[in-house]
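Engineer: Pasting a predicted model and its sequence here:
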Amino acid sequence: MASSELRKRQFIETTFQLLNGALEASRLVFYSVDREHNLHNFVCSRVPADFIRIYVREMHAVDPLHVRRLRSPDERVVRMDRASRDMPLQEVREYETFLRRFDVVDNIDFIFHHDDEIKAGLSVMWTSRDPRPTPVLFRLADELQRYIEFNMSDHMAPSRDDRAARAARMFHLTRREAEVAGLLCCGRTNADIAACLGIGLATVKTHLIHIFEKTGVENRSGLVARLAAPH
């Protein structure tokens, strides 16, 4: 593992330990955010694999805490009870049913900024076996978010998605083609890409054909290598 990736993973694991102890929440998910506010590179602690799979393919669209639903671009800690007020009731109930399926009774998201852009987030989830979060814990969460964000820049390397986006501009990809290429470089399947971007599988395949032609590669692994290479 490259030193930058090792440093990133160590930072995330240390952050998980801090939040698990301070907020008494048993489930945590760290994720990166690209320029189009797609979530990727999930790192989980005690989260069932099916949770992330279903979230990526279906439930992100009705998640009250998703970065696309922020009431203000300056929000740093987003609470479920407040964010859900601005959503259609049917979508809120659908998402709550999804959470209950995995025994999640409450959650908040930390939103991390760098250079005035959202770069990452961290979902903190309490199950029925955890102490219920209190107003004191929520105030502590505000303080912890600032502490984590302050320290993040020293430990987080530029994301693979950012490198892919810079390289994509050199090959004259359209905005949508660059989005598809960036998600592919993060390990997403065609189905995942379709779900993240709200497009059909056939459209994803068409974009990939055009991307392969413009970058001069024959397959997905070739594209990853081409976009990750320094230019």
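Structural biologist: Nice, I can see it. Numbering: from 1, shown residues only.
Engineer: Pull the contacting residues for the residue nearest the centre of the chain.
Structural biologist: Nearest residue to the geometric centre of the chain (C-alpha atoms, centre = their mean): residue 39, 2.9 Å. Residue 39 sits next to 31-33, 56, 60, 66-67, 121, 196 when contact means C-beta atoms under 8 Å, 6 or more residues apart in numbering. In this view, the C-beta of every residue, glycine as well, is placed from N, C-alpha and C.
Engineer: For it, grab phi and psi.
Structural biologist: Here is the backbone geometry of residue 39 (degrees, to the nearest 10): phi -100, psi 140.
Engineer: For the contacts of residue 39, give me JSON lines that also has distance to residue 111.
Structural biologist: Below are those laid out as JSON lines (distance: C-beta to C-beta, whole Å):
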{"residue": "31", "distance to residue 111": "11"}
{"residue": "32", "distance to residue 111": "12"}
{"residue": "33", "distance to residue 111": "8"}
{"residue": "56", "distance to residue 111": "19"}
{"residue": "60", "distance to residue 111": "15"}
{"residue": "66", "distance to residue 111": "10"}
{"residue": "67", "distance to residue 111": "6"}
{"residue": "121", "distance to residue 111": "5"}
{"residue": "196", "distance to residue 111": "18"}
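Engineer: Strands - which of the residues you listed land there?
Structural biologist: 31-33, 121 (DSSP state E).
Engineer: Could you identify the pair within those that is furthest apart?
Structural biologist: 32 and 121 (8.3 Å; C-beta to C-beta).
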